[in-house]
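S.K.: this is the structure alone, sequence omitted:
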């Protein structure tokens, strides 16, 4: 009998910083990541005694402001990025004011645009006191203040809107019309903070473990600081709730810094945690231990390591395929905290301001982080790294002088993590500047939701797993009896060796639970065999019901089957796929262009290489599937 988790396809660095004397120990003052808590002295009395007495106090305060202005006079990086901010502010002034336009179930694009506009306009006004910029800030605020609501059914929308309004009032409020400031503060209370206490609404983020927690608490903290004089009891209560709730999201960074939602969502969730830490420090003189949460500061390594030499991400989960060419301001905050020049992308910050185009929506705050950076050390990225935790990964890469541009990212985990896919055991692989094994990454949420598709269910029978980009058929992993992985089956990282006995990095994932009883034991081992070779070894013990194991590699390369393997060709480069075991099996190539379903993501030239291993090929239902991927010898 087949496992209940099997259904036919046709149904469709380094773990710690090397900086001597760093205060960011792995366990921090609160113990390991499972029980880490922030300090929480927040009461009305504490608020009134410790809150900065006047604005600015969100990201900026009088002392930080002096540092910023000094750097604007002396530092080429800060001068250059500020020119880009000014160009963005100028462009904004030619745009129409925002309207309450909901796309699908989200107002989020409008909220994000408001946060972007207030970062650009607010920072330019703070520095230059240009009355025309102030007038535009006033117009922007009045537009969103007069929305009927900020869409509390999708609380990210509220949080990002609240953050934008709060920054604008803090940075420019002393010069805005008193009537606008009063209306804005009332809106922060009525449209942002009070709805966050409506338990019948969308407030699961309060103690959630994903990016919603990080984004929503950030917005509520900023709003609370701005309205603290008007309602100190509500402000203190809301900040206290945040200090209690935020660790639930921070714990997932432990123990090594691997963010379970992938590289793109690291950029989202972490940018708001960084913003929160910066706001708390400027307003209260402390971040209450946020930046010392186990794995948090170490996650800057994760961000760098999940970017391949090609510029593409190791784009597992709902991650896009790569970053922009601009410097990463969130990463620069980690440079500020550690003095590590590895996290400060000077060359990217010195791009021509006109080439930077639209900056990130927190770039006004980011300019402040850049202005406070002082390099005291500079690490090199490790060539072998593991990030354990809820969605464990390993990275193997070449060093600084690697002409072959070797890059491998492999993962375990399970489908039910936030933004998860049925991708345990999957991997991306680059060599000679070509991505040979790929992950399809995210698919447009709105486009799917507009059809009525339920993208967000994560139980075994959810619609989510019918999508090729989300299920195991669309990933470079194993499939059994043409069925789905067990959505809640966890593949742990059972072994990681930066150097094995042959001097090579290797890692092994325990895969048994991923297949819901199809194996009595299953492991997947990855070995970087040298500058241009990767070994994938699956050691399997089949259950009595299991009939077929399919080894998969997803690629856009041209594939030429040959005896005992295949040759892959792309961009004038070549990769050999060699089946080392079992004997007498061959590859087949399944075109995924067009994809199986109309709703599936379309990627030109996408295909799945399969090695189909029937049960009778394995001696007594046990054995190994060993495949080597190798480039040409030099």
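M.R.: Great, that's in hand. What you are looking at is a predicted structure, and each value in this text was computed from that prediction instead of being measured.

S.K.: and the helices in the stretch 301-450 of the chain?
M.R.: 329-338, 346-349, 353-356, 363-371, 445-449 (DSSP state H, counting those that start in this stretch).

S.K.: what helices or strands is the fourth one leaning on?
M.R.: In this structure, helix 363-371 packs against helix 62-74, helix 76-92, helix 108-128, helix 155-172, helix 262-284, helix 329-338, with contacts taken as 3 or more CB pairs under 8 Å, 6 or more residues apart in numbering; DSSP states H and E. In this view, the C-beta of every residue, glycine as well, is placed from N, C-alpha and C.

S.K.: which one of the ones you listed lies closest to residue 217?
M.R.: Checking those against residue 217 by CB to CB gives helix 262-284 as the closest, at 6.7 Å.

S.K.: list the buried ones in the closest one?
M.R.: 262-267, 269-284 (16 or more other CB atoms under 10 Å).

S.K.: now do that helix and helix 62-74, the angle between them.
M.R.: Going by axes from the mean of the first three to the mean of the last three CA atoms, to 10 degrees, helix 262-284 is angled at 120 degrees with respect to helix 62-74.

S.K.: now do helix 262-284, average pLDDT.
M.R.: Averaged across helix 262-284, the pLDDT comes to 97.

S.K.: do stretch 199-206 as well
M.R.: Mean predicted lDDT for stretch 199-206 stands at 91.

S.K.: cool, stretch 37-56 as well?
M.R.: 97.

S.K.: and the closest residue to residue 345 other than its chain neighbours, how far is that from residue 163?
M.R.: Leaving aside its sequence neighbours, residue 345 sits nearest to residue 327 (CB to CB, 6 or more residues apart in numbering; 4.1 Å). Look at residue 327 and residue 163: by CB to CB, to the nearest Å, they are 21 Å apart.

S.K.: more neighbours, the two?
M.R.: Shown here are residue 327 and residue 163; by other CB atoms under 10 Å, residue 163 has more neighbours (33 against 24).

S.K.: hey, least reliable of the helices of the stretch 301-450 of the chain by pLDDT?
M.R.: Ranked by mean pLDDT, these bottom out at helix 445-449, with a mean of 89.

S.K.: gap between that helix and the chain center?
M.R.: How far helix 445-449 lies from its chain's middle: 20 Å, per CA atoms, centre = their mean, to the nearest Å.

S.K.: and whichever helix or strand comes after it, how far from the chain's centre?
M.R.: Sequence order places strand 478-480 as the next helix or strand after helix 445-449, per DSSP states H and E. Centre-to-centre, strand 478-480 and its host chain are 27 Å apart (CA atoms, centre = their mean).

S.K.: show me where the stretch 451-600 of the chain dips below the pLDDT cut-off.
M.R.: Low-confidence segments of the stretch 451-600 of the chain, defined by pLDDT under 70, are absent.

S.K.: where along it do the strands fall?
M.R.: 478-480, 492-497, 506-510, 519-530, 533-542, 548-555, 558-562, 565-570, 573-581, 587-591 (DSSP state E, counting those that start in this stretch).

S.K.: tell me the most buried of the ones you listed?
M.R.: Most buried of the strands of the stretch 451-600 of the chain, by mean neighbour count (mean count of other CB atoms under 10 Å): strand 478-480, with a mean of 27.

S.K.: can you pull the contacts of residue 177?
M.R.: Taking CB atoms under 8 Å, 6 or more residues apart in numbering, we find residue 177 in contact with residue 138.

S.K.: kindly report the same for residue 553.
M.R.: Contacts of residue 553 by CB under 8 Å, 6+ apart are 436, 437, 476, 577, 608, 609.

S.K.: ok, it to residue 589 distance?
M.R.: If you measure residue 553 against residue 589 using CB to CB, the figure is 10 Å.

S.K.: which neighbours do those two have in common?
M.R.: By CB under 8 Å, 6+ apart, residue 553 and residue 589 have these common neighbours: 608, 609.

S.K.: a markdown table please, covering the strands of the stretch 451-600 of the chain and showing distance to residue 631.
M.R.: Converted to a markdown table, the strands of the stretch 451-600 of the chain look like this (distance: least, CB to CB, whole Å):
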| stretch | distance to residue 631 |
| --- | --- |
| strand 478-480 | 24 |
| strand 492-497 | 23 |
| strand 506-510 | 19 |
| strand 519-530 | 10 |
| strand 533-542 | 7 |
| strand 548-555 | 14 |
| strand 558-562 | 15 |
| strand 565-570 | 10 |
| strand 573-581 | 6 |
| strand 587-591 | 18 |
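
S.K.: now the buried members of the contacts of residue 553.
M.R.: Neighbour counting with 16+ other CB under 10 Å marks 436, 437, 476, 577, 608, 609 as buried within those.

S.K.: and which of those is nearest to residue 205?
M.R.: Of these, the one sitting nearest to residue 205 (CB to CB) turns out to be residue 476, at 33.0 Å.

S.K.: once you drop chain neighbours, what's closest to residue 626?
M.R.: residue 580 is the one closest to residue 626 (CB to CB, 6+ apart), at 3.9 Å.

S.K.: got a list of what that neighbour touches?
M.R.: So, once contact is read as CB under 8 Å, 6+ apart, residue 580 ends up touching 535, 626, 627, 628.

S.K.: tell me the spacing between it and residue 363.
M.R.: Separation of residue 580 from residue 363 (CB to CB): 50 Å.

S.K.: who's in contact with the nearest residue to residue 275 once chain neighbours are set aside?
M.R.: Nearest residue to residue 275 in three dimensions, chain neighbours excluded: residue 218, at 5.4 Å (CB to CB, 6+ apart). By CB under 8 Å, 6+ apart, the contact list for residue 218 reads 159, 163, 272, 273, 275, 276, 279.

S.K.: would you agree the fourth one is in contact with residue 253?
M.R.: Read it as residue 273. No - in this structure, residue 273 is not within contact of residue 253 by CB atoms under 8 Å, at 9.1 Å.

S.K.: give the residues shared as contacts by the two.
M.R.: By CB under 8 Å, 6+ apart, the residues touching both residue 273 and residue 253 are residue 296.

S.K.: all helices for the stretch 151-300 of the chain, in order.
M.R.: Under DSSP H, counting those that start in this stretch, the stretch 151-300 of the chain gives helices at 155-172, 178-187, 211-226, 232-245, 247-250, 262-284, 299-305.

S.K.: from the chain's centroid, how far away is the fifth one?
M.R.: This points to helix 247-250. 15 Å.

S.K.: helices and strands around that helix, which ones?
M.R.: Using 3+ CB pairs under 8 Å, 6+ apart, helix 247-250 sits against helix 211-226, helix 262-284.

S.K.: out of those helices, the one nearest residue 202 is which?
M.R.: Across those, closest to residue 202 is helix 211-226 (CB to CB), at 8.9 Å.

S.K.: buried ones in that closest one?
M.R.: Those would be 211-226, for helix 211-226 by 16+ other CB under 10 Å.

S.K.: ok, of those residues, which one's closest to residue 135?
M.R.: Nearest member of the buried residues of helix 211-226 to residue 135, counting by CB to CB, is residue 226, at 20.7 Å.

S.K.: ok, for that closest one, nearest residue in space, not its chain neighbours?
M.R.: Spatial nearest neighbour of residue 226, excluding adjacent residues (CB to CB, 6+ apart): residue 166 at 4.6 Å.
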